[in-house]
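> Give me the fold of what follows.
(one chain, ligands or ions: 1)
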Amino acid sequence: MKHASQNTIAQNIKSIRNLVSDAEKKYSRQPGSVQLLAVSKTHPIEDIRTAFAENQLHFGENYLQDALSKIEHSPDQSIEWHFIGPIQSNKTRQIAQNFSWVHTIDRLKIAQRLSEQRNPEQKPLNVCIQVNTSGESSKSGISIEETLTLAKQISELANIQLRGLMTIPAATDNFDLQRRPFRMLRELKEELQSHGIEMDTLSMGMTNDMEAAIAEGSTMVRIGTAIFGQRNKKD
Ligand SMILES: *Cc1c(COP(=O)(O)O)cnc(C)c1O
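Numbering: from 1, shown residues only. Model prediction:
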């Protein structure tokens, strides 16, 4: 029962796409402005193939070793892999060489290593800065106050392209409370843009807070459970 069947995954992708486009309409967002990142961590390559058959091209993974074996068996070259887990500095080379996107940059040292280790013949690695919008209740992400400095530094690096900001807020079921950290992230992006930093991405919204994120301007929702079903407890 752990893994959703092929039919279920295909159905789930269709219903998530409908929810996304309904939310785009409801909150006066441009149609197609919210991209769906399918978070396939812990799920087998077969599930990725099923999603790919529904034209899903962007997949998110958190665990490097698992991800590398899936990338090796990738159903198609056009698939883009996004690293969305915590990054240890001894793992940056494999991340730099195998992914198109990294969403979880929260210190300069990691960004520098990724830039140095990215093959200059590849397209630049797309990166988002992970911001802590929940204060003390979260350990991951840089503080709002430190983000401008880090963004300026990352903008100087050769082989990575700063695309935007990402956040994982503390969980709550209250819609208005869900919107708050997402609004903070959108306002932070606008502030950085006013300082001349170019960005086009807000990576925010998961299965339980997707609508709130779209209401506040998300351009990429990262959806796991609602597509692939429940994960094993270790996550
Ligand atoms: C697991 C994970 C997701 C997906 O979460 P769901 O609640 O299953 O949709 C999104 N973003 C990150 C960073 C994750 O680790």
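> Spatially, what comes nearest to the residue of the chain found nearest the ligand if we skip its sequence neighbours?
Evaluated by Cβ to the nearest ligand atom, the chain has Gly224 as its residue closest to the ligand, separated by 2.9 Å. Heads up, the C-betas are built off the backbone N, CA and C, glycines and all. Spatial nearest neighbour of Gly224, excluding adjacent residues (Cβ to Cβ, 6 or more residues apart in numbering): Val39 at 3.4 Å.
> picking that back up, the residue of the chain closest to the ligand touches Gly205, doesn't it?
No: taking contacts as Cβ atoms under 8 Å, Gly224 lies outside contact range of Gly205: 11.6 Å.
> can you pull out the helices in the protein?
Secondary structure of the chain (DSSP state H): helices at 6-26, 45-53, 64-72, 92-98, 108-117, 144-155, 175-194, 210-215, 225-228.
> what's next to the third one, contact-wise?
Helix 64-72 is contacted by residues 40-42, 45, 48, 59, 61, 81, 83, 85, 91, 94-95, 98-99 when judged by Cβ atoms under 8 Å, 6 or more residues apart in numbering.
> Can you name the residues of this protein sitting close to the ligand?
Applying Cβ under 6 Å from any ligand atom, one finds that the chain approaches the ligand through 39, 41, 62, 84, 168, 206-208, 222-226.
> let's go with 5 Å and repeat that
Val39, Asn62, Ile84, Met206, Thr207, Arg222, Ile223, Gly224, Thr225 (Cβ under 5 Å from any ligand atom).
> wait, doesn't the third one sit right on Glu61?
Yes: the criterion here is Cβ under 8 Å, and Ile84 meets it with Glu61 at 6.9 Å.
> Please enumerate the shared neighbours of the two.
Any residue near both Ile84 and Glu61 by Cβ under 8 Å, 6+ apart counts here, and that gives Val39, Lys41.
> Name the nearest residue to Lys25, sequence neighbours excluded.
Pro31 (7.5 Å).
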